[in-house]
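Visitor: Fold the following and give me the result.
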Amino acid sequence: MSCCVFLLSFTPRPDDIVAAAARLCYSDVSAVDLLEDESQERKSSLLRHIRRSGHFSPFEHASFTFAIDGLSRIASHQLVRHRIASYSQQSQRYVEMRGPDAITPPSIGEVPALKRKFEEAAQTAHSLYTELIEHGVPKEDARYILPHGWSTRLVMTMNARELHHFFTLRLCRRAQWEIRDLARGMLIAVRSVAPRLFEEAGPSCLLTGRCEESSPCGRPFSSLEELLDEKSV
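Guide: Here you go, the predicted model:
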């Protein structure tokens with residue numbers, strides 16, 4: 001199973017809500033009036049200004065909820081380190097894992113002999129898992145034999161400010177390949193409903209032209225299009 005990202009729900013009119021919240025800080029009228037008071041062009045200009053100025057607090061008023069299927073538990077362990085978010089994850093204590101479902105890294109999948117051995121090992125682990133359950137071992141104990149790369153499902157909610165932070169870290173070429181693929185799918189999803197909030201998003205090489213990593217990859221992104229089209233390896 002490959003990772004699939006679905007945008008389940010989001011704050012209605014996220015671009016407009018954030019723009020109104022930003023203007024309210026310097027206005028003597030209600031946010032209700034500000035919501036309809038400006039052209040889309042001026043709202044775009046305002047959002048671009050506060051984003052480049054680092055004034056991200058208005059971005060917290062727009063939230064996005066994702067369904068993520070087919071992510072490995074290796075990647076989900078990285079994901080939940082982003083603390084300003086809400087998570088609900090499929091439980092291996094209560095849900096029986098039916099059939100071998102380990103995520104195969106591209107570096108293994110591209111070598112047929114290694115891919116076969118990898119899949120055989122996952123099948124062996126799952127066979128023992130099933131045998132343990134059949135002998136009365138609780139699922140919460142039988143799962144100890146399953147690989148870290150086993151597939152999982154989760155629901156995650158982040159606001160737009162934390163998403164920008166997430167994209168800065170996880171779309172960097174030095175990020176692990178699987179969470180980079182996840183981040184790319186999430187960025188594509190939020191840009192479809194909030195194009196102005198995420199007009200500019202990604203690693204520092206793309207946003208500022210300089211790398212913030214102590215060990216740069218040496219391959220800075222030249223455009224958002226290049227980032228969105230890239231396939232991680």
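Visitor: quick one: the most centrally placed residue in the chain from residue 123, how far?
Guide: For the chain, residue 183 is the residue whose C-alpha lies nearest the centre (CA atoms, centre = their mean; 3.7 Å). Using CB to CB, to the nearest Å, residue 183 is found at 30 Å from residue 123. Backbone N, C-alpha and C define where each C-beta goes, glycine included.
Visitor: repeat for residue 56
Guide: Distance of residue 56 to residue 123, given as CB to CB: 47 Å.
Visitor: So for those two, which residue has more residues nearby?
Guide: Of the pair residue 56 and residue 123, residue 56 is the one with more neighbours under other CB atoms under 10 Å, namely 16 against 13.
Visitor: Help me confirm that that one comes into contact with residue 164.
Guide: Yes. In this structure, residue 56 is within contact of residue 164 by CB atoms under 8 Å, at 6.7 Å.
Visitor: tell me which element residue 68 falls in.
Guide: For residue 68, the host element (DSSP states H and E) is strand 63-72.
Visitor: tell me the mean pLDDT over that strand?
Guide: Averaging pLDDT along strand 63-72 gives 98.
Visitor: Might you calculate how far that strand sits from the centre of the chain?
Guide: Between the centre of strand 63-72 and the centre of its chain there are 7 Å (CA atoms, centre = their mean, to the nearest Å).
Visitor: swap in stretch 30-37?
Guide: 32 Å.
Visitor: how many neighbours does residue 87 have?
Guide: 15.
Visitor: which SS class is it?
Guide: With DSSP: H, G, I helix; E, B strand; the rest coil as the basis, the three-state label of residue 87 is strand.
Visitor: what's near enough to touch it?
Guide: Residues in contact with residue 87 (CB atoms under 8 Å, 6 or more residues apart in numbering) are 79, 80, 154, 155, 156.
Visitor: nearest to residue 15, of those residues?
Guide: The shortest gap between residue 15 and any of those belongs to residue 156, at 21.2 Å (CB to CB).
Visitor: Using the three-state scheme, assign that closest one.
Guide: Using three-state DSSP, the structure places residue 156 in strand.
Visitor: how close does it get to residue 6?
Guide: Residue 156 is 11 Å from residue 6, where distance means CB to CB.
Visitor: Please identify which of those two sits among more neighbours.
Guide: Between residue 156 and residue 6, counted using other CB under 10 Å, residue 156 has the larger neighbour count: 24 against 12.
Visitor: who's in contact with the nearest residue to residue 24 once chain neighbours are set aside?
Guide: Excluding the flanking residues, the one nearest residue 24 by CB to CB, 6 or more residues apart in numbering is residue 31, at 4.9 Å. Contacts were defined as CB under 8 Å, 6+ apart; by that measure residue 31 touches 20, 21, 23, 24.
Visitor: any idea which of those residues has the most stuff around it?
Guide: residue 20 (24 neighbours).
Visitor: What helix or strand is that one located in?
Guide: Per DSSP H and E: helix 14-24 holds residue 20.
Visitor: ok now that helix, how far from the chain's centre?
Guide: On the basis of CA atoms, centre = their mean, helix 14-24 sits 24 Å off its chain's mean C-alpha point.
Visitor: got a list of contacts for that helix?
Guide: Residues outside helix 14-24 that contact it (CB under 8 Å, 6+ apart): 11, 31, 34-35, 37-38, 43-44, 46-47, 50, 55, 58-59, 61-62, 64, 160, 193-197.
Visitor: Over to stretch 195-210?
Guide: Contact partners of stretch 195-210, identified using CB under 8 Å, 6+ apart, comprise 14-15, 18-19, 43-44, 47-48, 51-52, 59, 62, 160, 163-164, 167-169, 171-173, 187, 190-191, 211-212, 216, 220-221, 223-224, 227.
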